[in-house]
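Visitor: Quick one, fold the following:
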Amino acid sequence: MPTAVAVTGSDLVLPSPDRHTPGAVPLGAATGAPLAESLAELHALLEQHGWLIVLHSTATDPEAIRRVRTARAALEADRVTLVGLDLPPLGLALVALQLRQLSVCDFTPGVLASAARLLAHYVHAGAVLGSLARLDRVPVPLGSHARSRLPGTQYAVQAHPEPRLVKAVPGAELPGPDFATRLYLAHGDRPSTWLGETLARTWQVQSVTEVPLPKDSVAWWGTGKLTEFAAGIPDISVLYQLVSSVRRERCRWCGLEFLGDRCGFCGAPLAPPALRAPAATREPRRALGRESGREPGRETPRAPSRDLPAARRAAAALPHAGARPDPGLPGPPGELGPVAPSGTRPQPTASSGTKPQPTAPSGTPPPDRPDPRDRPAPPDHPGSPHPPYR
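Guide: Numbering: from 1, shown residues only. Next up is the predicted model:
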C-alpha cells in the first residue's frame, strides 16, 4: 500500500485528478476527536499503509498539533511524521494533492516526506481580498491599507513564493510561474472575476478548478470577503522528474532516505561534509577487524609477549626490559617460581656461584636453617641492565 497522506481537516482534501490517485485522510486527532478514537484511527492507518505523513500549516491551531503528537507518542509510532508548511490553506491542500499523486510511485517514505518542502517552492498561492485591515501575513503599504476601506475596492495578494500586492483591476499582473500549472479557486463572500479574466490568461494556466473555501482561510487572510487561489504543477510525470532529480541522502539516525538538509521523519540534520564520504571508501575500514586483516594462506605472526601473564606482558613492553637469561634467577615480587617435588629441596644452578649441597637421606631431620643475613647475595648478571631483585 502507498504511504498515507493526512491533513488536519476534510476541507483540505482536493478532488483526485484521476482514479489512480489515493485520497487524503482527514485526521481525527487534529479535529478534536477523543483520544481512544484517535489512537484507533492512527493504529489502523499504520497497519494498512505502514507510514503516515501529516501535513499541516504553520498557522494551524497548536492544540490540534499537540493532539496528533500525543496520539503518536501514546502508540510509540516512529513511522508517523508531521510536516509543517508556511502556505495558505488552499496552497497546503494543493501540496497534499501532489504528495498523494507521488505516493503511488516508487519513492520511499523518507523521500516523500521531505519532498513536501520541495513541492511547496513551486506553488503560487494568494487571494483577492476586499479588505486589508486585518492582513498580517503580507507587508501592506499604508496607502493601500487606507484605500482598501473604500467600497468596491479589491486587492490581489500573492503570499507565496514571493509576497506581492496589486490592485485587482484589468491590466494588473502578479509574477507568475514559468511552467504549466492548474489553477484552483475557492470563493468566499465576495467572488472575484479578475482571477478568471486576467490572472488565468497572464499565467497561461492549463485549466481552472473551483473548490470549496477551506475554513481556515478566513482567519489566515483576515477577512471573509475573498477569493483564494493556488496554482501548481498538475502532471505527475513532471512531479516525478522534479523529485527524482534531487540528490538523496541517508539519515544517520533512522536510516531513511531524504531530500534537502534534514530527515523528513526524525528531523535529524544532514551530516557534515566530512562524515558524508562515499560508502565505497568507508566499507574497507569497517571490514578490517581482528581477523579480516590477515592475508589468505598466511598466518599472522603472534607476538611472544602475548603468551606471558599480564604482569610479565607489561614488563616486556618497557623499553629497558630485556630477556631473562637464566630461569633460575628469582622473578619479580609476587611471581611464583618453579615448585620443587615433595620431599626434595631445590637445587641451585651453576650460575649462582655456590656448590650443590648433598640431599639428606629420607627420614633424616633437616639441619638448622642458616641465618638469612649470613647468606651471600647473588652477583649481578652481566647481561641485565639493572641489578637482580633481592
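Visitor: Using the three-state scheme, assign Leu135.
Guide: coil (DSSP: H, G, I helix; E, B strand; the rest coil).
Visitor: residue contacts, the closest residue to it other than its chain neighbours?
Guide: Once flanking residues are discounted, Leu135 sits nearest to Gly222: 4.6 Å by CB to CB, 6 or more residues apart in numbering. In this view, the C-beta of every residue, glycine as well, is placed from N, C-alpha and C. Listed by CB atoms under 8 Å, 6 or more residues apart in numbering, the contact set of Gly222 reads 129, 131-137.
Visitor: Ala24 now?
Guide: 5-7, 12-14, 96-97, 100.
Visitor: Nearest spatial neighbour of it, chain-adjacent residues omitted?
Guide: Val13 (4.5 Å).
Visitor: Most neighbours out of the contacts of Gly222, which is it?
Guide: Tallying neighbours with other CB atoms under 10 Å puts Leu129 at the head of the contacts of Gly222, with 30 neighbours.
Visitor: ranges for the strands of the stretch 151-300 of the chain?
Guide: 155-160, 164-167, 182-187, 207-210, 226-232, 248-250, 257-259 (DSSP state E, counting those that start in this stretch).
Visitor: I'd like to know which of these lies nearest to Arg72.
Guide: strand 257-259 (18.9 Å; CB to CB).
Visitor: Just list what that closest one packs against, helices and strands only.
Guide: helix 109-120, strand 248-250 (3 or more CB pairs under 8 Å, 6 or more residues apart in numbering; DSSP states H and E).
Visitor: next SSE after the first one?
Guide: Along the chain past helix 109-120, the next helix or strand (assigned with DSSP states H and E) turns out to be strand 124-129.
Visitor: which one of the strands of the stretch 151-300 of the chain is the most hemmed in?
Guide: Of all the strands of the stretch 151-300 of the chain, strand 226-232 has the most neighbours on average by mean count of other CB atoms under 10 Å, namely a mean of 27.
Visitor: Most neighbours among the contacts of Ala24, which one is it?
Guide: Val5 (29 neighbours).
Visitor: In terms of helices and strands, where is that one?
Guide: strand 4-7.
Visitor: Walk me through which strands that strand pairs with, and which way each runs.
Guide: Partners of strand 4-7 in the sheet, by DSSP bridges, are strand 25-26 (parallel), strand 52-57 (parallel).
Visitor: mean confidence score for the last one?
Guide: Averaging pLDDT along strand 52-57 gives 94.
Visitor: Which other helices and strands does the next helix or strand after that strand contact?
Guide: Scanning forward in sequence from strand 52-57 by DSSP H and E, the next helix or strand is helix 62-75. Packing contacts for helix 62-75, counted by 3+ CB pairs under 8 Å, 6+ apart, involve helix 35-49, strand 52-57, strand 80-85.
Visitor: Check whether Gln48 really touches Met1, as I assumed.
Guide: Yes. Gln48 is within contact range of Met1, at 5.9 Å (criterion: CB atoms under 8 Å).
Visitor: where's the residue nearest to Ala24 relative to Ala59, distance?
Guide: Per CB to CB, to the nearest Å, Val13 is found 18 Å from Ala59.
Visitor: swap in Ala24?
Guide: On the measure of CB to CB, Ala24 and Ala59 end up 19 Å apart.
Visitor: next one: Pro175
Guide: Counting by CB to CB - Pro175 and Ala59 are separated by 23 Å.
Visitor: Which one's more surrounded, the two?
Guide: Between Pro175 and Ala59, Ala59 has the larger neighbour count (other CB under 10 Å), namely 16 against 13.
Visitor: List the residues that contact the closest residue to that one other than its chain neighbours.
Guide: Take Ala59 and drop its neighbours on the chain: the residue closest to it by CB to CB, 6+ apart is Trp220, 5.8 Å away. Contact partners of Trp220, counting by CB under 8 Å, 6+ apart, are 57, 59, 88-89, 137.
Visitor: Only alpha carbons, please: show stretch 154-168 as CSV.
Guide: Taking Å, rounded to 0.1, in the frame of the first residue of the first chain, the C-alpha atoms of stretch 154-168 are listed here in CSV:
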residue,chain,number,x,y,z
GLN,A,154,-10.2,44.7,-4.2
TYR,A,155,-6.6,43.8,-4.0
ALA,A,156,-4.8,40.8,-5.4
VAL,A,157,-2.3,39.5,-2.8
GLN,A,158,0.3,36.8,-3.5
ALA,A,159,1.7,35.2,-0.3
HIS,A,160,3.9,32.5,-1.9
PRO,A,161,6.5,32.2,-3.2
GLU,A,162,7.1,36.0,-3.1
PRO,A,163,4.9,38.4,-1.3
ARG,A,164,3.3,40.9,-3.7
LEU,A,165,0.2,43.2,-3.6
VAL,A,166,-1.5,44.9,-6.6
LYS,A,167,-4.9,46.4,-7.1
ALA,A,168,-7.2,43.9,-8.8
